[in-house]
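Q: how does the following fold in three dimensions:
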Amino acid sequence: MTADRSNQVLRLPRRHSPRADSPPDPERGARLERLQSMRGAIVASLIVVIVFSAAWAMLSVAIGRVFPWMTLLLALLIGLAVRRAGRGLDWRFPMVAAFAAVGGALVGNVVVAAAFTAAEYETGTLTVLRAVTSMTWPVFFDEVITAADFIYALFGAALAAFYANRRLNREQYACLRAWQQEQSRGG
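A: Next up is the predicted model:
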């Protein structure tokens, strides 16, 4: 065998070795931190909840069945929207996504129930939603919401939280860590 190690045929390329080109740039990590937008994450999650609830209600009325697992699809879309619009790096963004998923599950179930009620009384869904009073809520929670809806909402919250944070590549993560270490030293 030759002494030249780069001439080995069966040697796999190193993909996980640290680059010796340059040290991580803390300024790039600060830029990643500044790109976060809590307002963008909240607005994106609200838009997803509204649009998805309307689509869920239309699909349920058209087919004539309620699909409670649609809550999981809603949560996945909320998590991806929070990731895209919020560009979050810390714990706040998964919390926003989780709360939006639980709230969206409740809103979606309310809109679907209102759509079925509107079809039964031959009126519009918005008319039914405007007619909701404090006397309506106990009946709604007794007759419409089941334990399965709560379970789907909790699993949806976990799913949304999982997908909410921004995914960084190795170089971005190193830059962010360098900036955080610089901040902890008081720099």
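Q: could you pull out the buried residues of the lengthiest helix in the chain?
A: Longest helix in the chain, counting residues (DSSP state H): helix 92-121. The neighbour-count check on helix 92-121 (16 or more other Cβ atoms under 10 Å) flags 93-118 as buried. Bear in mind the C-beta positions are built from the backbone N, C-alpha and C, glycine included.
Q: what's the average pLDDT for stretch 124-139?
A: Across stretch 124-139, pLDDT averages out at 90.
Q: got a list of contacts for that stretch?
A: 57, 110-111, 114-115, 117-118, 121 (Cβ atoms under 8 Å, 6 or more residues apart in numbering).
Q: tell me the SS of residue 154?
A: helix (DSSP: H, G, I helix; E, B strand; the rest coil).
Q: how much space separates it from residue 101?
A: Distance of residue 154 to residue 101, computed by Cβ to Cβ, to the nearest Å: 9 Å.
Q: residue 49 now?
A: Where residue 101 is concerned, residue 49 sits at a distance of 9 Å (Cβ to Cβ).
Q: mutual contacts of those two, please.
A: Contacts common to residue 49 and residue 101, judged by Cβ under 8 Å, 6+ apart, are 74, 78.
Q: rewinding a little: just the contacts of stretch 124-139 now: which is nearest residue 175?
A: Proximity of the contacts of stretch 124-139 to residue 175 (Cβ to Cβ) peaks at residue 111, which lies at 43.2 Å.
Q: that closest one against residue 53, yeah?
A: Yes: counting by Cβ atoms under 8 Å, residue 111 touches residue 53, with 4.3 Å between them.
Q: centroid residue for the chain?
A: For the chain, the residue sitting closest to the mean C-alpha position, by Cα atoms, centre = their mean, is residue 79 at 1.1 Å.
Q: give the contact list for that one.
A: With Cβ under 8 Å, 6+ apart, residue 79 has these contacts: 97, 101, 159-164.
Q: residue 107 too?
A: Counting by Cβ under 8 Å, 6+ apart, residue 107 has contacts 49-50, 53.
Q: same thing with residue 156?
A: 71-72, 74-75, 101-102, 104-105.
Q: and residue 69, by the same measure?
A: By Cβ under 8 Å, 6+ apart, the neighbours of residue 69 are residue 152.
Q: mind redoing it with 10 Å?
A: 148, 152, 155-156 (Cβ atoms under 10 Å, 6 or more residues apart in numbering).
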